[in-house]
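need coordinates for the following:
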Amino acid sequence: FPGLGDQYINMAAGLYHNEPLFRQVIDHCCEVLQPYLGVDLRPLLFSQNGGGKETSVGQMDLDLRQMLGRANKKDVSGSLKQTSLAQPALFVLEYALAQLWMSWGIQPQAMIGYSLGEYVAACLAGVFSLEDALQLVARRAQMIDALPAGSMLAVALPEESIAPLLSEAVSLSGINGPTMGVVAGSPTAIADLEQTLIARGIACRPVSTTHAFHSRAMTPIMDELTQLVAQFERRPPQIPYISNVTGTWITDEQAVDPRYWATHMRQPVRFADGVRALWEKPGNILVEVGVGQMLGSMAMQHPARASANDPIVLSSLPSAHDATSDQAFMVRSLGQLWLSGCAIDWSGFHTQASRRRLPLPTYPFERQQYWTHHSPPTSPEPSLPPAPVETSMAKQEMDDWFHLPTWQRVPLLPPNNAPETQPQNWLLFADALGVGTALATQLRQRGDQVIVVTAGDAFQRLQQGFYTINPQLSQEYEDLLHHLSLLNLAPDHIVHLWNVWTKERVVVDEDSVTQAQELGFYSLLFLAQALGKQQTTTPIQLHVISNNMQDMSGGEATCPEKATMLGMIRVIPQEYPHIRCQSIDVALPAESRAIAMQLLPELSGDIAETVVAYRGRSRWVQSFVPAKLTHKQSGLDLLRQRGVYLITGGFGGIGFALARSLAKKFQARLILVGRSPLPPRTAWSSLLVDENAPVSTRNRIRQILALEESGAEVLAATADAADKAQMQQVIAEAHARFGHIHGVFHVAGVPGEGLIQAKAPDVAAQVLRPKVQGSVMLHNILRQTQQTLDFIVLYSSLGAVMGGLGEVDYCAANAFLGAFSHYLQSHHGINAVTIDWGLWQWDTWQSNMAADVPGVYEQIRQIRQTYGISFAEGEEALWRVLATPLPQVLVSPLDLQATMARQYSFTITDFLQDVSRTRQQTTHPRPNLRNPYVAPSNETERAIAAIWADVLAMDSVGIHDHFLELGGNSLLGMMIIARLKQAFGIALSAASLYEGPTVSELYKLISPNEETDKTLSANRERGQKRKERRQRRGLARS
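Got it, this is the predicted structure:
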């Protein structure tokens, strides 16, 4: 981010007029600044009279073009000559450019700003909110503007040669390269120095400026600036950036220290050192987020560039003399980024694009196929797998496996109080703190229809527009939606606020976990199932509001138990493609009406970001950034020789691989927790040679003996990881045998299986228990029985952030782990980390959903072997993660951004299509059922029966044959529903097949009018026959 470069009138005007996001950010910033500046910057930035790129150079901080001798003396304009206007204008332009880049998927991994540019970097990194940064920059510029005039001089000498030239009147102002410096001081002193240098034959050039920036001349306002910065909230940077003061990476302490920003204004800009630090990281691509190429030019001239691997520097906007349009220039740079391997968010780039489907002529593409017959290959060839993995992807080097969750501050959405062109139907599950009530008031004032539902004892209409239901009764969600449908109030928008509640103490215990699941996870489960039973695919937006669930700055995540709902909002859109979901987290305490006003624009537009948080006047969006975790030694150093380590799920594949590693490397004393009991050790010898003994028992005995041969001591404990009494007993035994427990690996988990529509709450509870209740209970037991732990490692899955068909409960449980490790670090000072692992090569249950479909299991197995994490790779990754005290790390052997993009858009429809192409099918005869075979009697029944027969791989299906008796399962059922939707063009819910599990019953759903006509015709026929019989009997009597 430059301090000052190639500024000119109408710079970025093309973007302002053609890029809505850029214009929105500029407008918002200028509106915020107007009260502080007394003027609107937009007429100054985008002149209505200036033709094309009429140039102007504002007098602010450092004129880099003058330093490099590239300034045009015609580039002067009075409109931005004042520092008090020029500096805020520069900040606004660069911040808006950064937001546009990020909307296109170009997320900064590191930043450097020149002088004022560091304020842009700090704002993007989260040190200041946007509104605070704007006020700070404006008031700082006004302070500087009031100082006496000064001069600056660029000097072609290294720093050590410039030092003898300095005096009380002349200060070192900047180091731009190994042999390029800048000095600043009074006009007289700088003029005298210039003449001295010229006389010595040393190249120098005056810098066009109004003040002696970064010199002693700034000293009089340092205290005032320190006091000003202290008035604003400051947070540690979430994105690393380089300090102008030190020339290296800024520390958390520096970024939040008001005195640092005064020092930053006074001390020289060590840009050369900062560029060296950037070039030291191989593969970096530098993007100049401003006008022209001045910083980029200095970066490319730096000697450290020679050691960089294929150095690339790109610009955002053309210089004043470049005739290229703003859009064309920026798109060209975007293309170069893509060619360099950067992942572009094409949906963000094409946000404003409109497309139409056009019919193409069919005849030129018609062809006749001539099949060649050959023997099948001896080994199966890979085809498109029924999972969100592109076969063109390659497994990455481990250095690229690691990502961190982060939060990006983005502009607040503009207020949206205008009524929709057509009133919308809103369904609000209102909280008890008043946020939902305030929101309902705002929506009704716009003219929308609003139904408010509160948690109560039973389904009841309280008054017009107000209802109550029991959150724990799934049927009442169905009753509510059915009732609203009859009133033509089926919702377009649903806002779920039942996870907006507070607790007296910042503690996660059994009661708070239960409350969060009843009002969050299970409520959303029942709501999704009720929506699934509605015979409609009309688009619905579901917004789930929570409070204090997300950790924005280390210490805010006071309610991690609410995070299970993140699994719901990830998976619902994958299983119900017509429902879009969003999580919005707010901070309490706060005034309910203020929160409602802030939420209204977010809820009214289309959902753009899935996970959003509001803190004060700032809007944050969650993203995931790469992290180079290349060092493992400090992770290994965290482990102790003969250390005592507890592993839940210790006899599973992943848990035992971990135990084996700890045994070999550290001769550890291990507490392995599993659910299946082992016989007494005295019986092991005989069991190992007893062929009638259970294979699983013999295998576990061999596992333990192998660990002990490696030098480990093993306590094999039988316990349910979520059973408090059992785990208390295990830990008591461990303390008695080994003493203090040094570390915990919580690996235990139960796989999720089954689509949401058929998910029973007690089944989901078994999946949640080990990871949710188990983690909380384990932490509380250890906290009560011993003082400290070296670490806690919580084993999670990428499903926590990606979702996964049929795994809503498993995704929810893993989402909780990420929030819980943040909570443990920030509120208990525990070195806790959640590792969201990608696909493992070992997996005994992932393919269960498709196990009954021939061919699919083999496909999934091949994917795991090709792309999955081996035990050896998992061990290496674990040491690297432990080397860094982070609360959450994502580990993916595949390109994470590409995998996420496909996963987020990978719905049940895509899965079914993939399965249809992948599965191997052999037709079987109809089985012997309790009911006789009854053939279809009309075209519609024949079409339905044909779809059933094809999906179930049977030669025939009768109209009264029951789906489940024919061997149907949830996957095959979804395939049938998808085929019926395609064949008849109607909306069928996922539950239709279970409500009508025969061809005859489905026929009634699909063709109710035809069924009615059929019944009336049959009734008329029976009536006519009865009439004829009566007539015959009358004739016989006569």
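
next structured bit after the lowest-mean-pLDDT helix or strand in the chain?
Sorting the helices and strands of the chain by mean pLDDT, DSSP states H and E puts helix 64-67 at the bottom, at a mean of 38. Counting by DSSP states H and E, the next helix or strand C-terminal to helix 64-67 is helix 83-103.

ok, residue 829 - how many residues close by?
9 (other Cβ atoms under 10 Å). To be clear about C-beta, it is placed using only N, CA and C from the backbone, and glycine gets the same treatment.

residues in contact with it?
By Cβ atoms under 8 Å, 6 or more residues apart in numbering, the contact list for residue 829 is empty.

please enumerate the strands of the stretch 101-250 of the chain.
111-112, 151-155, 170-177, 180-185, 204-207, 241-242 (DSSP state E, counting those that start in this stretch).

let me see the mean pLDDT of the second one.
On average, the pLDDT along strand 151-155 is 92.

one more: the fourth one?
Here the mean pLDDT over strand 180-185 is 94, rounded to a whole number.

could you pull out the helices in the stretch 701-850 of the chain for me?
724-738, 761-771, 773-785, 799-802, 808-828 (DSSP state H, counting those that start in this stretch).

helices or strands up against the longest one?
Applying 3 or more Cβ pairs under 8 Å, 6 or more residues apart in numbering; DSSP states H and E, one finds that helix 808-828 contacts helix 565-575, helix 761-771, helix 773-785, strand 791-797, helix 799-802, strand 832-837, strand 888-891.

hmm, who's touching the last one?
Residues from elsewhere that reach strand 888-891, judged by Cβ under 8 Å, 6+ apart: 401-405, 624, 627, 629, 798, 801, 818, 821-822, 833-838, 869, 877, 881, 896.

neighbouring strands for that strand, and are they parallel or not?
strand 402-410 (antiparallel), strand 832-837 (parallel) (DSSP bridges).

gap between that strand and the chain center?
Mean-position distance between strand 888-891 and its chain equals 12 Å (Cα atoms, centre = their mean, to the nearest Å).

quick one: mean pLDDT for it?
97.

and of the strands of the stretch 101-250 of the chain, who's closest to residue 3?
Among the strands of the stretch 101-250 of the chain, the nearest to residue 3 by Cβ to Cβ is strand 170-177 (9.1 Å).

okay if I get the strands paired with strand 888-891 as CSV plus mean neighbour count, mean pLDDT and distance to residue 287?
Formatted as CSV, those follow (neighbours: other Cβ atoms under 10 Å; pLDDT from 0 to 100; distance: least, Cβ to Cβ, whole Å):
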stretch, mean neighbour count, mean pLDDT, distance to residue 287
strand 402-410, 21, 94, 16
strand 832-837, 26, 97, 29
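
want to throw those strands into a markdown table with distance to residue 984?
Putting the strands paired with strand 888-891 into a markdown table (distance: least, Cβ to Cβ, whole Å) gives the following:
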| stretch | distance to residue 984 |
| --- | --- |
| strand 402-410 | 43 |
| strand 832-837 | 41 |
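
who's in contact with the residue lying closest to residue 712 once chain neighbours are set aside?
In space, and not counting its chain neighbours, residue 712 is closest to residue 663: 3.6 Å by Cβ to Cβ, 6 or more residues apart in numbering. Going by Cβ under 8 Å, 6+ apart, residue 663 touches 670, 707, 708, 710, 711, 712.

mind doing that once more with 6 Å?
Residue 663 makes contact with 707, 710, 712, according to Cβ atoms under 6 Å, 6 or more residues apart in numbering.

would JSON lines of the helices of the stretch 701-850 of the chain with distance to residue 530, mean neighbour count and mean pLDDT be doable?
Formatted as JSON lines, the helices of the stretch 701-850 of the chain follow (distance: least, Cβ to Cβ, whole Å; neighbours: other Cβ atoms under 10 Å; pLDDT from 0 to 100):
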{"stretch": "helix 724-738", "distance to residue 530": "34", "mean neighbour count": "16", "mean pLDDT": "95"}
{"stretch": "helix 761-771", "distance to residue 530": "13", "mean neighbour count": "19", "mean pLDDT": "94"}
{"stretch": "helix 773-785", "distance to residue 530": "26", "mean neighbour count": "20", "mean pLDDT": "94"}
{"stretch": "helix 799-802", "distance to residue 530": "24", "mean neighbour count": "26", "mean pLDDT": "94"}
{"stretch": "helix 808-828", "distance to residue 530": "15", "mean neighbour count": "27", "mean pLDDT": "95"}
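
relative to residue 308, which of the ones you listed is closest?
Closest of the helices of the stretch 701-850 of the chain to residue 308 is helix 799-802, at 32.1 Å (criterion: Cβ to Cβ).

show the contacting residues for residue 830.
Applying Cβ under 6 Å, 6+ apart, the residues near residue 830 are residue 824.

count of residues packed around the nearest residue to residue 132 once chain neighbours are set aside?
Distances taken as Cβ to Cβ, 6+ apart put residue 232 closest to residue 132, at 4.2 Å, once the chain neighbours are dropped. Using other Cβ under 10 Å, residue 232 has 16 other residues around it.

cool, residue 840 as well?
A total of 19 residues lie near residue 840 under the criterion other Cβ under 10 Å.

quick one: contacts for it?
868, 869.

so what sits opposite it in the bridge?
Here residue 840, judged by DSSP bridges, has bridge partners residue 869.
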